Structure formats: C-alpha cells, structure tokens
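S.K.: sharing a model prediction with you, sequence too.
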Amino acid sequence: MALGNGSSMGVSLTLVAVLVAGLQVFSKTLAESDLGTFIAGAVSSLVFILLLTFMNNLENTIFKGGVAARLFPEVIIALLVTAAVAGSIHRISVTVSILFSFAHLYFLTRVSDSTYGKSS
C-alpha cells in the first residue's frame, strides 16, 4: 500500500535524519577502512534517493500534484547535500556516493518512464 504525499514526505525526511545521524556516529570507524568508505558512499547515495523523494513530495503537496522532479533544482540540490554528507566521512565516499546516485537516478528514470510514459 502506497503512502500519500504527506506521509511519504515525513518518512523520507525521518529516514534521511536517521541515516545521516548513523553515518556521523560511525564516521571514524567508516573512515578507517576501504570497505568503510565504500559503505559510507553507498549509504549516502540512499540519502540522495530519500531527499529526492522528500523534495518531490513537498512540491506535490504545495502545488497539488502533477509536479515531476527535474535536473535543476531537485536533483542538483539532492546531489550536493549527498556529497556533503559523504564528504563528512571521507573523500572517497563522495566519489562512491555520486556514482551510486547517478546509477539510482538512471534506474529511477527507467522505472518512471515505463510506469508514467516518457517525460518531455
């Protein structure tokens, strides 16, 4: 069962806060190993998806639906915040999070196109 815009917005923002807090709590442990920096980047890319979900739901709530996420400002803002979160752990985490975020964005776009049709 899908959540409405308001509920989904709240869940997304809560999960962003939980993930960022978790990354900060374990930042020293994650930064000590190569695997830890990779994991931090992967988790940070989840922050990207959740922020994108939050911002799109916020726009749909304010403008009463029909708003699709665009490259600017939603994707760019979510990517910058994600890079900042990953950068607080390690430089390599930023690279991993950006690469994973692009992969997530590609697959989200494919699912959206197949569900709602091609966007113009």
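M.R.: Received, thanks.
S.K.: neighbours of residue 104, how many?
M.R.: Residue 104: 15 surrounding residues under other C-beta atoms under 10 Å. (C-beta placed from N, C-alpha, C; glycine too.)
S.K.: quick check: pLDDT value at it.
M.R.: As predicted, residue 104 sits at a pLDDT of 97.
S.K.: same check on residue 2?
M.R.: pLDDT, residue 2: 85.
S.K.: residue contacts, it?
M.R.: Residue 2 sits next to residue 8 when contact means C-beta atoms under 8 Å, 6 or more residues apart in numbering.
S.K.: is residue 3 in a helix, a strand, or coil?
M.R.: Per DSSP: H, G, I helix; E, B strand; the rest coil, the local secondary structure of residue 3 is coil.
S.K.: how many other residues sit next to the residue lying closest to it once chain neighbours are set aside?
M.R.: Excluding its sequence neighbours, the residue lying closest to residue 3 (C-beta to C-beta, 6 or more residues apart in numbering) is residue 11, at 6.6 Å. When neighbours are counted by other C-beta under 10 Å, residue 11 registers 15.
S.K.: secondary structure element for residue 11?
M.R.: helix 5-25 (DSSP states H and E).
S.K.: fine by me, thanks again.
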